[in-house]
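Trainee: Quick one, what's the 3D model for this:
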Amino acid sequence: MDDVSNDVRVAACYTIAKVFTNLPPEYNIDFYKANIIHAYSTLLVHLDDCEEEIQDIVLGECNCLKIYHIFRLLSGEIAFVAIQGNSN
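Mentor: Next up, the predicted model:
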């Protein structure tokens, strides 16, 4: 999502969200924890994007995802992003 073009960033956001809304039932969240954390961290960082359109899309996609299903994996990442945002 680190691209100059808003079109590329929007497409990346939708793609990341699409991947994690279509996980098969047998997807082992614990085994793929690092992949999931990286994807969601990528989205969360862009909640404070300089473009409001990107912020809105990221928030909408995060809301569409099954956050309740993986929240336990991300609680530390969410706290880190919140702390980083408050330090600016």
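Trainee: From here on, just use CA atoms for contacts and neighbour counts.
Mentor: Fine.
Trainee: Which secondary structure state does the residue lying farthest from the centre of the chain sit in?
Mentor: The outermost residue of the chain relative to its centre, with distances by Cα atoms, centre = their mean, is Glu26 at 21.5 Å. Following DSSP: H, G, I helix; E, B strand; the rest coil, Glu26 is assigned to coil.
Trainee: mind checking how far it is from Val45?
Mentor: Distance check for Glu26 against Val45: by Cα to Cα, to the nearest Å, it reads 28 Å.
Trainee: Then Asp3?
Mentor: 14 Å.
Trainee: Between the two, point out the one with more neighbours.
Mentor: Val45 (18 against 10; other Cα atoms under 10 Å).
Trainee: can I assume the more buried one is in contact with Val81?
Mentor: Yes - assessed by Cα atoms under 8 Å, Val45 is found in contact with Val81 at 6.8 Å.
Trainee: thinking again about what came up before, can you pull the pLDDT of the residue farthest from the centre of the chain?
Mentor: Looking at Glu26, its pLDDT is 81.
Trainee: Where in the protein is the helix or strand with the lowest mean pLDDT?
Mentor: Within the chain, no helix or strand scores below helix 67-86, which has a mean of 64 by mean pLDDT, DSSP states H and E.
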